[in-house]
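[1] Below is the sequence, then the predicted model.
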Amino acid sequence: MNLETAEKSDRYSIRAVERCLEILDLFTQADDKLGVNNVAKALNINTNMAFRMLVTMAKAGYLEKDEKTGLFTVSLKFLPLSRKALLSLEIRRAVMPSLEMLRLSYPKANLNLAVLYQGEVIVVDRIDSMSLPRTYFVPGKTLPFHATGLGKALTCELDEAELDAIIAKRGLKAYTPSTIVTPLALKEELAKVRRERVARDRCEFIPNDNCNAVPLRDGSGTIVAAISLTAFESYMSVEEVEATMPVLAEAGRNISYYLGFNA
């Protein structure tokens with residue numbers, strides 16, 4: 001963007017709208033409800049302005065206010081919008097038929113499609129197991145990049161600086177005793193994923209749940225998405241899950257070929 005274009009962009013932007021969008025960004029990163037003081041401090045604005053913006057967004061239906069605590073949270077009004085965004089992704093058209101075929105072969109497994117967006121692993125779609133319980137990787141859910149097969153498949157070819165930035169921002173939280181929690185161990189694991197072109201999660205995110213994942217590439221060879229097969233040990237043993245790897249890898253190659261990758 002040249003200087004003239006940047007100046008025009010600044011001229012047409014509306015600061016109040018920008019701040020409302022920044023507030024929405026805060027809610028996507030928050031683990032709980034937010035209050036006026038949280039927003040004011042994060043955006044470096046006074047509490048009166050933060051309160052007015054929050055109330056305006058609540059009046060429009062995009063936030064909900066807990067009258068007892070005075071805290072705000074995102075409302076369900078965003079669900080149709082987020083679903084529309086997920087459904088509009090072109091990658092689904094290439095992937096879902098293959099996942100449907102995999103389901104016929106492995107009815108006890110859950111099948112997932114995810115992308116990496118701004119350092120977050122986002123589930124785009126899934127096909128549930130015919131068995132229970134489910135792992136609840138619902139569309140729109142974000143997953144830890146270091147503790148899931150999908151996350152490892154999506155981040156295995158990031159350059160070290162970009163990977164370090166994600167680690168610094170997201171951290172390496174321990175979800176189970178098997179979770180990788182050090183940068184060195186994670187980088188060694190991702191090197192293994194690059195060599196084998198498959199990723200594994202062996203009870204690293206959810207106890208007794210095992211996952212295989214493979215990356216999907218576009219015409220340039222860039223990893224643009226990943227698919228995974230997951231199952232609880234009470235329905236498929238570790239050995240049974242491991243045995244699905246060649247079939248899942250073949251599905252990944254076929255989808256990548258459809259996306260234009262030919263190597």
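    All right, it came through fine. Numbers count the residues shown, from 1 in each chain.

[2] So Asn212: helix, strand or coil?
    The three-state label for Asn212, taken from DSSP: H, G, I helix; E, B strand; the rest coil, comes out as strand.

[3] er, Glu157 actually
    Going by three-state DSSP: Glu157 is coil.

[4] again, but for the one 4 residues further on
    Of the three states, Ala161 takes helix according to three-state DSSP.

[5] count of neighbours near it?
    7 (other C-beta atoms under 10 Å). C-betas here are computed from N, CA, C, even on glycine.

[6] ok, now Tyr258?
    14.

[7] contacting residues around it?
    Applying C-beta atoms under 8 Å, 6 or more residues apart in numbering to Tyr258 gives the contacts Ala94.

[8] Check which helix or strand Ala50 maps to.
    Ala50 belongs to helix 47-59 when elements are defined using DSSP states H and E.

[9] Contacts for that helix next, please.
    Residues contacting helix 47-59 (C-beta under 8 Å, 6+ apart): 16, 19-20, 23, 36-37, 39-40, 43, 63-65, 72, 75.

[10] one more time with 10 Å, if that's ok
    Helix 47-59 has contacts (C-beta atoms under 10 Å, 6 or more residues apart in numbering) with 16, 19-20, 22-24, 27, 34-43, 45-46, 62-65, 70-75.

[11] Tell me which of those fall in helices.
    Using DSSP state H, the members of these that fall within helices are 16, 19-20, 22-24, 27, 36-43.

[12] Going by distance to Arg93, which of the residues you listed wins?
    Arg93 lies nearest to Leu24 out of the ones in helices among the contacts of helix 47-59, by C-beta to C-beta, at 28.5 Å.

[13] What is the least confident helix or strand in this protein?
    helix 3-12 (a mean of 51; mean pLDDT, DSSP states H and E).

[14] coming back round to it: can you tell me which two in the ones in helices among the contacts of helix 47-59 are farthest apart?
    Farthest pair in the ones in helices among the contacts of helix 47-59, by C-beta to C-beta: Ala16 and Asn37, 19.6 Å.

[15] about what we covered before: in the helix holding Ala50, what counts as buried?
    For helix 47-59, a neighbour-count test (16 or more other C-beta atoms under 10 Å) marks 50-51, 53-54, 57 as buried.

[16] And the closest residue in space to Pro107 that isn't next to it in sequence, which helix or strand is it part of?
    Counting by C-beta to C-beta, 6 or more residues apart in numbering, Met130 is the residue found nearest to Pro107 once chain neighbours are left out, at 4.4 Å. Assigned by DSSP H and E, Met130 belongs to no helix or strand.

[17] ok, Met130 touching Arg103?
    Yes: between Met130 and Arg103 there is a contact at 7.9 Å, judged by C-beta atoms under 10 Å.

[18] neighbour count winner among the two?
    Arg103 (18 against 12).

[19] Phi first, then psi, for that one.
    The phi/psi pair for Arg103 (degrees, to the nearest 10) reads phi -60, psi -40.

[20] do Asn110 as well
    Dihedral angles (degrees, to the nearest 10) for Asn110: phi -100, psi 140.

[21] remind me which residues of this structure are low pLDDT?
    1-13, 79-89, 131-137 (pLDDT under 70).
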